[in-house]
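> Sequence and predicted model, in that order:
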Amino acid sequence: KAGVTQTPRYLIKTRGQQVTLSCSPISGHRSVSWYQQTPGQGLQFLFEYFSETQRNKGNFPGRFSGRQFSNSRSEMNVSTLELGDSALYLCASSLRTSGTTDTQYFGPGTRLTVL
Amino acid sequence: DAKTTQPNSMESNEEEPVHLPCNHSTISGTDYIHWYRQLPSQGPEYVIHGLTSNVNNRMASLAIAEDRKSSTLILHRATLRDAAVYYCILREETSGSRLTFGEGTQLTVNP
C-alpha cells in the first residue's frame, strides 16, 4: 500500500510570490491534515480537510489556505510569501473513524525556502 | 489542549531498554495518550497510544500511571534506527485529527 506522497519535495520561491503544495493520501483515507515545521516553532497544525470540507483550523493567517478534492487529494496554498514561511510542510492522512484514536500517517514533507 | 512535558534529550546505548517519560498533569478523563516519533529527514510516525491500561505493540510499550498524570514510552532494545525525536501527545475528543506537538525528546542511541 503506497504511503502519503507530497509534491514537490523541494521548492524555492521569493517574497511576495504564491505557492501550491500537493498531498496524495493513503488510498481509502478521507482526512488530510497539514502541518508546518520550523526550528523555532516546531510542528504546528495548519488545517484538516475531510470529505472536501475544512473541519479544523490552526492559528495561521488567511494567507494559508487549502482545499480537498473528491478523490481526497489535497492542496495547500500560501499567498504573498514571507521569509518566515520557510519551513517543512507536512501532510498527514487518516481514516478519521475516531477523533481520539485514529492514526495519522505522515508524508515526507515539502521543504519550502523563501528568499 | 492539555499540555505535556518531556525532557529535551535522552541518551541510551544500543540494545539496552529506554524509558521516555511524559508528564500530563492536566489530562482529562477522555484524553488518549499518543506517541509519535520523527526520524531525521522524515515525517512523524505513529508509535503507540493508550487510555488507561498499559499497551504493547511491536514497536514499544506504553506504561500509564494509575492517576494518568504521567506515562512512559518503553523501547525494549534500542537500536541505532530508534534515534529520533519522540513526541508525547494528548488527543481530545473535540480535536478531530489534530495533533498538538510539543518539543519532544531527542533520543540519541550510542553504538
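That came through fine.

> helix, strand or coil for residue B:103?
Of the three states, residue B:103 takes coil under DSSP: H, G, I helix; E, B strand; the rest coil.

> is it true that it touches residue B:5?
No. With contact defined as C-beta atoms under 8 Å, residue B:103 does not reach residue B:5; the gap is 9.3 Å. Backbone N, C-alpha and C define where each C-beta goes, glycine included.

> wait, what's in contact with the residue in chain B that chain A sits nearest to?
Of all residues in chain B, residue B:43 sits closest to chain A, at 3.1 Å by C-beta to the nearest C-beta. Each residue near residue B:43 by C-beta atoms under 8 Å, 6 or more residues apart in numbering or on different chains is listed here: A:4, A:90, A:92, A:106-109.

> Give me the neighbour count for the closest residue to it other than its chain neighbours.
Among residues not flanking residue B:43 along the chain, residue A:106 sits closest, at 3.1 Å (C-beta to C-beta, 6 or more residues apart in numbering or on different chains). Residue A:106 has 23 neighbours, counted by other C-beta atoms under 10 Å in any protein chain shown.

> For the closest residue in space to residue A:7 that isn't next to it in sequence, give its distance to chain B.
With sequence-adjacent residues excluded and distances taken as C-beta to C-beta, 6+ apart, residue A:7 is closest to residue A:22, at 4.9 Å. Here the criterion is C-beta to the nearest C-beta, to the nearest Å. By it, residue A:22 lies 15 Å from chain B.

> burial measure for the residue nearest to residue A:31 when sequence neighbours are not counted, as a count.
Once flanking residues are discounted, residue A:31 sits nearest to residue A:96: 3.7 Å by C-beta to C-beta, 6+ apart. When neighbours are counted by other C-beta under 10 Å, residue A:96 registers 19.

> hang on, the earlier thing: help me confirm that the residue nearest to residue A:7 is found in a strand?
Yes. Counting by three-state DSSP, residue A:22 is found in a strand.

> ok, now how distant is it from residue A:58?
19 Å (C-beta to C-beta, to the nearest Å).

> do the same with residue B:39
24 Å.

> Neighbour count: those two, which is higher?
residue A:58 (16 against 13).

> I'd like the next helix or strand past the helix or strand where residue B:87 lies.
Using DSSP states H and E, residue B:87 falls within strand B:84-91. Next helix or strand after strand B:84-91 toward the C-terminus (DSSP H and E): strand B:105-110.

> buried sites along that following strand?
B:105-107, B:109 (16 or more other C-beta atoms under 10 Å in any protein chain shown).
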